[in-house]
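**Q** Return atomic coordinates for the entry below.
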Amino acid sequence: MSLGLCKHISGILGRPLVALILGCGLSACASKTIVPVGKISSCEQADWYELGRRDGSQGTPTDRLSAHQKECAKASSPDWETIYTNGRNAGLVEYCDPKNAYELGRMGVAYYYVCPSTVEPQFLTGYRNGQQARELEMQNQKIDDQIDQLAQKLIATESANEKQEIKEQLEELKRTRAKNDQELTKIITK
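**A** So this is what the prediction gives:
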């Protein structure tokens, strides 16, 4: 947290609360700002471990290090690759967690096969479950939209035959949605 942000917070929250926050977290305001490569004036300022950790925790492909090294070609050091790789491996531990895999699949985030082979099967199971959940949720959204449209149509229709037809369509959509909800529950509880 920058000193300017700390001052801004003090203006918003008031002095008694700021005293408590500052007493508990003064180190956050005084901590070193990590500067990502590409937004730094000097590559020597880059925290290569943290950069690798962030790349790993986001599941970026391994060729990202090459891109970082190209940006900092003049100031390159052989130690940077090792430091970056150590950070990336630490980030991959977080990224390759099956719970994270489920959320990534559910959000539709692409997976670049970066997890180590020792954890990848569990990761892929969680990821595929998340993808299935996403598909069911998207289907349910479409069904909800169709139900809303048919409900409006039912209100506007005066024909008894057409009303009966719409009611049957609504019942079928509700059964499909209930089935999807059951499948979604099974996926979530796996």
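**Q** What ranges in the chain fall below the confidence cut-off?
**A** Filtered on pLDDT under 70, the chain yields the residue ranges 1-42, 74-76.
**Q** How about the secondary structure of the residue lying closest to Lys190 once chain neighbours are set aside?
**A** For Lys190, ignoring the flanking residues on the chain, the nearest one in space by CB to CB, 6 or more residues apart in numbering is Asn129 at 5.9 Å. C-beta: built from backbone N, CA, C; applies to glycine. The three-state label given to Asn129 by DSSP: H, G, I helix; E, B strand; the rest coil is helix.
**Q** Would you agree Asn129 is in contact with Lys99?
**A** No: using CB atoms under 8 Å, Asn129 is not in contact with Lys99; the gap is 10.6 Å.
**Q** Compare these two (neighbour count), which wins?
**A** Under the neighbour definition other CB atoms under 10 Å, Asn129 and Lys99 were set side by side, and Asn129 has more, 19 against 9.
**Q** With Gln141 as the reference, measure out to that one.
**A** 19 Å (CB to CB, to the nearest Å).
**Q** same question, Leu184
**A** Distance, Leu184 to Gln141, using CB to CB: 12 Å.
**Q** can you pull out the helices in the protein?
**A** With helices called from DSSP state H, the chain shows them at 3-13, 15-30, 48-57, 64-71, 78-95, 98-107, 120-156, 160-188.
**Q** Deepest-packed of these, please.
**A** Stretch with highest mean neighbour count among the helices of the chain: helix 48-57 (a mean of 22; mean count of other CB atoms under 10 Å).
**Q** Can you tell me the centre-most residue of this protein?
**A** Per CA atoms, centre = their mean, the C-alpha nearest to the average position across the chain is that of Leu104, at 5.8 Å.
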